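Q: Build me a model:
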Amino acid sequence: MRFLVIGAPEAGKSTVAKALASELGCECANTSDAIVRAEIDRRALLREYGIEIPEFVKARDRPYLIALGNVLTDANSSCLIDIAFSEGQIITGVRRLHEFESLEDDVIVIKVTRPGFDATDNYELMGVSAHIDIINNGTEADLLKAVEGISCGYR
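A: Here you go, the predicted model:
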């Protein structure tokens, strides 16, 4: 069984993914980690040719990583999802609708929403339907209780 956890920034996606992975005894991964690995590999390849990336371009600069992620997913909409799923059964970090639409049918989608938080960073996915909806009212205990209920159904 594979899971995709979506939601706006600060909604609780990582908390849900890590707790569910712990409950099910599996790994979780983030598409951002796949982007970082692609960037590290690119820098290593350039270094072989004597080209150094300036220090002001950090491998973890959010705008840069988002742009790189967009380039990768525009070229192949499922590449980051495939890389992330190769490292874990539960992933987070999908932000674009065409990535979401490339999912295979066996993926259970969990959408985490947190009332009052701005969803502009994740706007493309806020209207999609999920198999499971979790509302984060601001307490980790509520999120963990919701995850406990999910894991019982998928053990």
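Q: Around Ala44, how many other residues sit close by?
A: Other residues lying near Ala44 total 9 when counted by other Cβ atoms under 10 Å. To be clear about C-beta, it is placed using only N, CA and C from the backbone, and glycine gets the same treatment.
Q: repeat for Arg95
A: Number of residues near Arg95 (other Cβ under 10 Å) recorded here: 22.
Q: now do Glu23
A: Residue neighbour count, defined by other Cβ under 10 Å, stands at 16 for Glu23.
Q: For it, give me its contacts.
A: Taking Cβ atoms under 8 Å, 6 or more residues apart in numbering as the criterion, Glu23 is in contact with Val147, Glu148, Ile150, Ser151, Arg155.
Q: so where is this structure shaky, pLDDT-wise?
A: 53-62, 117-123, 154-155 (pLDDT under 70).
Q: now for the top strand by length along the chain, which elements pack on it?
A: If you go by DSSP state E, the chain has its longest strand at strand 107-113. Using 3 or more Cβ pairs under 8 Å, 6 or more residues apart in numbering; DSSP states H and E as the contact test, the elements touching strand 107-113 are strand 2-6, helix 13-24, strand 132-135, helix 140-154.
Q: Quick one: closest of the ones you listed to Glu48.
A: Proximity to Glu48 (Cβ to Cβ) singles out helix 13-24 among the helices and strands packed on strand 107-113, at 34.4 Å.
Q: Moving C-terminal from the closest one, which element do we reach first?
A: strand 28-30 (DSSP states H and E).
Q: Would you mind measuring the gap between the ends of stretch 100-107?
A: This stretch, stretch 100-107, spans 10 Å end to end (Cα to Cα, to the nearest Å).
Q: Buried residues in it, which are they?
A: Buried residues in stretch 100-107, counting neighbours by 16 or more other Cβ atoms under 10 Å, are found at Phe100, Ser102, Leu103, Val107.
Q: Nearest to Gly116 among those residues?
A: Looking across these and measuring by Cβ to Cβ, the closest to Gly116 is Phe100, at 23.8 Å.
Q: tell me the contacts of the closest one?
A: So, once contact is read as Cβ under 8 Å, 6+ apart, Phe100 ends up touching Leu4, Ile6, Val94, Glu124, Leu125, Val128.
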